[in-house]
Each structure stands twice: as structure tokens, then as C-alpha cells.
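>>> My questions concern the predicted model and sequence given below.
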Amino acid sequence: MNYAEKFLEALKKGILILHEKEKEEHPRIIGKYHPSSIGDCLRKQYYEFYMEETPSEEKLVIFATGKGIHEIITKILKESNVTQVEASEFETELDFGEYKLHGRVDIIILNVDSEKAIVEVKTVSKLPKEPLQKHILQLQTYLHALKLNNGILLYWDKRKGKLETFSIVKDDNILNILKERTHVLHEHIVNKKEPVKEMVLKEEFFECLNCEYKEICKPLKMDIEEGSEIVVLEIENVLLNTEKRKEACLKELNLDLNIDLKEIDSSLREQFFNLYYSEKYLSYDEPIHENIDKALKYYMQNKSLVIITNRPKKMKKATIDQLIDLGIPYEQIFMRNDFHKGLEFKLAIIKLLQLSGYKIYDIMDEEKTLKKIKKRLNL
């Protein structure tokens, strides 16, 4: 082992020791839960309580990065002469009686009007357009515990070096949500019963994919046997030919029928896709009988059909009606959220299906997309 390798080993060991010390300061006690987690999936919190996983190297590095940024922000604020730092890493507790939320506030500042405010710092890879709900719940916990009215969520983009802040005001309605979530978590932990798969119900599948407990949880387990063979189906230009719908949308926007959508103005492109992914011209879709017959043949061979489509959730009812008309006996349908990219969404669902114990027998999608999926998944 050369000097550089020894250095790296020492660094990794030091981060792990720091992480273990942090854990020792927050022992797992029934009835005492963490504000930083209360907005996360309740099932994940249950697993963390009873079967904690060893953190990956990536998570340890993220942990160390967050610690460092918290410390430097505290130092920067002290040097600014604009605001006064009254406390940092300040322990606090929101007591609900039988159960409580116990954590540490990142920073408490005293602003120019001599009014206290709590600053919660989050290191991220991409700045959100709105504050994340789980971060709001964490900050609201501290505001209610310390009986303060104002808080600031600071997002620190560690990739692009950008900052974003959101003002958060203490909200009594959120106090009720915090109490209810803590109660539900407490009851499940006391009774050693797994909570519902919250992120699946919310269709936040990327949260599931990034969860260290996904193999235990099996998030997309369906009412079919583990090990069952699945055929993944797209609807657009696989079960239904959508060319006439596309043409109708282009005509309405006075666009050339042969135009490359990638080349048009982003605003106009957004108009096109809002129109295309609506019900206005959905009746123009035509069945692709060859692919429908192939899917039905798979079904007769005891393969389970799962729909993973680029169509957004707002089209769900109309899409289900189309599938009924086509006679497609699907097991489950997954539809893209507006903020998901089509390919990444499909890859996430396929990976989660595999992690949930199913075998991918075939994927029926447009040729370009199919090649990309198979390359990314080594199929």
C-alpha cells in the first residue's frame, strides 16, 4: 500500500469514526425520534430503528460534506457583522407526551431587528424550486419546540456552488401533522409492525430507488409470486400508434408536420407536449395489432404485463379506459410525474421491479428507448 492509499484509508476510517460518534449521541430509544427523519418514509424510519444498515462510502462522504458546510456557514455568519449567531448544534425537543421529537438545530441567529430565527442547512446536488416537504417538517419541529416564529431553509448546491433560501413561518396546522406522523411511527415501532410503503403510495419512486432498505422492503411487490416473469410495455407507439395525435397537435400550433421538436423554442415545445399529453386528441390513437397480439400471447404464457409509460399521471383515467378497450390484462401501471425524465423513470421502475423479486422477461418499447434501457441495465 503506497502513501496515497494509506492516506485514503485513514480518511475513510476517520469519517466512519465521526459517523459512529454522531450515532452514539443519538441512541435509538422507543418514544424518542428524529426531526430530520420524520418527513421521510415511515417504513424507512421503522427499518432504521430495528435493522440499521452500515452506511455506504458515498453516504459517509455526504455526511462529512454536510458537517463541514454547517461549520463553515456558522463561521461565515459570525464574520458577516450583519447577523449574530446565538447558538449552533443546539439540542431541542418537541414533546407530545408518550413520544417526542429530539434533535439539534443547525443555527439560531439574531437578526437586525433582534428577533431570533432558526437556520436549517441542506446540502444538495440540485437546488429545488420549492422547499422540500420533509425539510419543512424538520424546521417546523424546531420552531414549535423553541416557540420561535421564523425559520430559514438554506439549500447549498455542492455541485454548482449556488445557494437558495426559503422563509418558513411557524404553522400550527403542521404541528398537528408532526404529532400524527410521530404517533403512527411510534405505534408501529412499539408493535413491531412495518408501516405502509409511503413513498410508493406517493409514487415517489426515486426515493425508493435511493433507499438503503429497498431490498428488504421490496417496494413494488405485487399480488403475484416472487420470481414471476414480467413483460414491460409502453403504450405510446407500442400498443397505440400516436402519429395522428402528434399531427393534430402540430397543426393546432401551426407547426410543420416534419419539424424536429428538439429544434423549436422551449416555450413552444412545452405547449406542444402539454397538448400532446392531454385527452384532446387521444381518440386519434390507433391500435398496433401486432404488438397487442404479442402482449396477449405473453399473458397466455403466464407472463405478467406491467405498463411503464411516458404518459403523465393526469392521463391515468383516459389511459386505463384505452387499455380496457384494447383488452390488455395488465398487472400494474406506472405513469410518469411531470418532473421525471422518461428514460430515467422507466429505468427506476424496472430496477425496483427487479429488487422486488421479479424477472424481466421482455421489454416492449420504441426501438431507440429499448436500446438505451438494455444498455443501461446490461440486458
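Everything's here; your move.

>>> what about the nearest residue to residue 214 once chain neighbours are set aside, neighbour count?
Spatial nearest neighbour of residue 214, excluding adjacent residues (CB to CB, 6 or more residues apart in numbering): residue 355 at 5.3 Å. Every C-beta, even on glycine, is put in place using the N, C-alpha and C of the backbone. Other residues within reach of residue 355, judged by other CB atoms under 10 Å, total 18.

>>> right, and residue 355 touches residue 221 too?
No - under the criterion of CB atoms under 8 Å, residue 355 lies out of contact with residue 221, with a separation of 9.7 Å.

>>> Tell me which stretches of the stretch 251-379 of the chain form strands.
In the stretch 251-379 of the chain, the strands defined using DSSP state E, counting those that start in this stretch lie at 286-287, 304-312, 332-336, 359-364.

>>> returning to that earlier point: any idea how far the residue nearest to residue 214 lies from residue 218?
For residue 355, the distance to residue 218 equals 7 Å [CB to CB, to the nearest Å].

>>> before we move on, what about residue 73?
Taking CB to CB as the measure, residue 73 falls 39 Å from residue 218.

>>> ok, back up a step: columns mean neighbour count, distance to residue 9 and mean pLDDT on top of the strands of the stretch 251-379 of the chain, output as a markdown table?
Listed next are the strands of the stretch 251-379 of the chain as a markdown table, based on neighbours: other CB atoms under 10 Å; distance: least, CB to CB, whole Å; pLDDT from 0 to 100:
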| stretch | mean neighbour count | distance to residue 9 | mean pLDDT |
| --- | --- | --- | --- |
| strand 286-287 | 13 | 61 | 97 |
| strand 304-312 | 22 | 42 | 96 |
| strand 332-336 | 19 | 42 | 94 |
| strand 359-364 | 16 | 39 | 97 |
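
>>> Pull the residues that contact stretch 332-346.
Contact with stretch 332-346 is made by 203, 205-206, 220, 222, 232, 234, 306-313, 315-316, 319-320, 323, 349, 365, 369, 372-373, as judged by CB atoms under 8 Å, 6 or more residues apart in numbering.

>>> Which entries within those residues meet the buried criterion?
Members of the contacts of stretch 332-346 that pass the buried threshold by neighbour count (16 or more other CB atoms under 10 Å) are listed as 205, 220, 222, 232, 234, 306-312, 315, 319, 323, 349, 365, 369, 373.

>>> Identify each of the helices in the stretch 51-200 of the chain and give its residue range.
Across the stretch 51-200 of the chain, reading from the start of the chain, the helices by DSSP state H, counting those that start in this stretch fall at 57-80, 133-146, 172-190, 198-201.

>>> Output the contacting helices and strands for the shortest one.
Looking back up the chat, that one is helix 198-201. helix 42-50, helix 205-209 (3 or more CB pairs under 8 Å, 6 or more residues apart in numbering; DSSP states H and E).

>>> State the helix or strand in which residue 14 lies.
Taking DSSP states H and E as the criterion, the element that holds residue 14 is helix 3-24.

>>> and that helix, what's its mean pLDDT?
In this model, helix 3-24 carries a mean pLDDT of 79.

>>> ok now do residue 163, which residues does it touch?
Applying CB under 8 Å, 6+ apart, one finds that residue 163 lies in contact with 127, 154, 155, 156, 157.

>>> Roughly how far does the nearest residue to residue 248 once chain neighbours are set aside sit from residue 272?
With CB to CB, 6+ apart as the measure, residue 281 is the residue that lies nearest to residue 248, at 4.3 Å, once sequence neighbours are left out. Separation of residue 281 from residue 272 (CB to CB) stands at 12 Å.

>>> coming back round to it: show me just the buried residues among the contacts of residue 163.
Neighbour-count burial (16+ other CB under 10 Å) applied to those gives 154, 155, 156, 157.
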